[in-house]
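A.B. asks: Coordinates only, no sequence provided:
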């Protein structure tokens, strides 16, 4: 199941903190589009030498592919996040989903089901597993299909925030067991960020703290810093940041006058880098904010040669960024299919071209969803007509 967030722009959906980008199906170039630049004809040896000289040694990467299976009775699988132990959270579903997807965790080469909330739960999604405590957070319903925040501690599943009549999505859990996410409910008509702290007197129960706003966080890092966007009423939707101190007020990030909206999609665990998307008229641009002290500085990320649009939705402590690049006819909403890219030292590379020829044979990357601090990427891909979650591991 996919929950769409209003105002994020075409192609973006909120399913977890790493904000996966919905990929368009492959299509021929649109009429009137500018063709991609092509290199002049050289011999194969000349091309190889030029390519080697043109690309920094650190950017000459390849990625091996590890396939993650699906739960019994299911045909398609999707990744949501990858932690620093290489463990992946996600979900799988049957050919006809019918809101019966089931969350899973992949670790040590094995796939295990998250389960559903007790009594009447019908669906679930795993969004993150803590690499050392093993606590898992995700979403699941209690019989009415409305997502509620769920946590698995050992073999026990708990409804973190019984939000009757509302929706709750949990995105991350830290070492102390604090859980981070967003929700809507009660008398509010706006999404709000929340932090749920374990009750030391009763396991599986939590006290809630509402983040400053109005705004909706899309991602949190290991230290509980969050990013997302300002929303509410007549406010212009702009990228926002929540620090992890005090009352956790919302800070609107630098923007540009030409942006009709912007969103911050991910923050590095060391808290120094944020990536996201800016939206000038009829366009989307990949953005990066860097931090010095308490000041954030905004800059654009380049897209692939011949493209003019893109989005960034993941970043690690080394500055490796994942996202998309595409071309759109200026002044229109006619946009070509997106290409999944990884920025290595600030240079965009088409991830499909970096796959190991043996383990990557037959795979078509459809989206990059999360990158850990070892550079491993959780991705979604097609093979044999079915979607699978995969792990892309950089070759040293």
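C.D. replies: On my side now, so go ahead. Note that this is a predicted model, so its numbers are computed, not measured.
A.B. asks: Low-confidence bits of the stretch 201-350 of the chain, can you list those?
C.D. replies: Scanning the stretch 201-350 of the chain with the threshold set as pLDDT under 70 gives 232-234.
A.B. asks: What segments of it are strands?
C.D. replies: Along the stretch 201-350 of the chain, counting by DSSP state E, counting those that start in this stretch, strands occupy 206-210, 215-220, 226-230, 239-242, 250-252, 261-267, 273-279, 285-292, 295-300, 309-315, 321-326, 339-344, 347-350.
A.B. asks: most tightly surrounded among the ones you listed?
C.D. replies: Ranked by mean neighbour count, those are led by strand 215-220 with a mean of 30 (mean count of other Cβ atoms under 10 Å). For every residue, glycine as well, the C-beta is placed using N, CA and C.
A.B. asks: Tell me what angle that one forms with strand 309-315.
C.D. replies: 60 degrees (axes from the mean of the first three to the mean of the last three Cα atoms, to 10 degrees).
A.B. asks: Between strand 261-267 and strand 215-220, find me the angle.
C.D. replies: 30 degrees.
A.B. asks: Adding distance to residue 90, write the strands of the stretch 201-350 of the chain out as JSON lines.
C.D. replies: Output for the strands of the stretch 201-350 of the chain, formatted as JSON lines (distance: least, Cβ to Cβ, whole Å):
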{"stretch": "strand 206-210", "distance to residue 90": "24"}
{"stretch": "strand 215-220", "distance to residue 90": "16"}
{"stretch": "strand 226-230", "distance to residue 90": "21"}
{"stretch": "strand 239-242", "distance to residue 90": "25"}
{"stretch": "strand 250-252", "distance to residue 90": "29"}
{"stretch": "strand 261-267", "distance to residue 90": "17"}
{"stretch": "strand 273-279", "distance to residue 90": "21"}
{"stretch": "strand 285-292", "distance to residue 90": "24"}
{"stretch": "strand 295-300", "distance to residue 90": "31"}
{"stretch": "strand 309-315", "distance to residue 90": "15"}
{"stretch": "strand 321-326", "distance to residue 90": "16"}
{"stretch": "strand 339-344", "distance to residue 90": "17"}
{"stretch": "strand 347-350", "distance to residue 90": "24"}
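A.B. asks: The ones you listed: which one's closest to residue 147?
C.D. replies: strand 215-220 (14.7 Å; Cβ to Cβ).
A.B. asks: Which residues does the spatially closest residue to residue 301 that is not a sequence neighbour form beta bridges with?
C.D. replies: Leaving out its chain neighbours, the residue that sits closest to residue 301 by Cβ to Cβ, 6 or more residues apart in numbering is residue 286, at 4.0 Å. Beta bridges link residue 286 to residue 277, judged by DSSP bridges.
A.B. asks: wait, what's in contact with residue 286?
C.D. replies: 275-277, 300-301, 303, 310-312, 321, 323-325 (Cβ atoms under 8 Å, 6 or more residues apart in numbering).
A.B. asks: residues near residue 198, how many?
C.D. replies: Other residues near residue 198 come to 20 when the count uses other Cβ atoms under 10 Å.
A.B. asks: go on, residue 156?
C.D. replies: 11.
A.B. asks: phi, psi of it?
C.D. replies: phi -100, psi 130 (degrees, to the nearest 10).
A.B. asks: Hmm, it is touching residue 204, no?
C.D. replies: Yes: using Cβ atoms under 8 Å, residue 156 is in contact with residue 204, at 6.5 Å.
A.B. asks: that older thread, can you list the contacts of residue 286 in JSON lines and add distance to residue 184?
C.D. replies: Converted to JSON lines, the contacts of residue 286 look like this (distance: Cβ to Cβ, whole Å):
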{"residue": "275", "distance to residue 184": "25"}
{"residue": "276", "distance to residue 184": "21"}
{"residue": "277", "distance to residue 184": "22"}
{"residue": "300", "distance to residue 184": "32"}
{"residue": "301", "distance to residue 184": "31"}
{"residue": "303", "distance to residue 184": "34"}
{"residue": "310", "distance to residue 184": "29"}
{"residue": "311", "distance to residue 184": "24"}
{"residue": "312", "distance to residue 184": "26"}
{"residue": "321", "distance to residue 184": "30"}
{"residue": "323", "distance to residue 184": "27"}
{"residue": "324", "distance to residue 184": "27"}
{"residue": "325", "distance to residue 184": "32"}
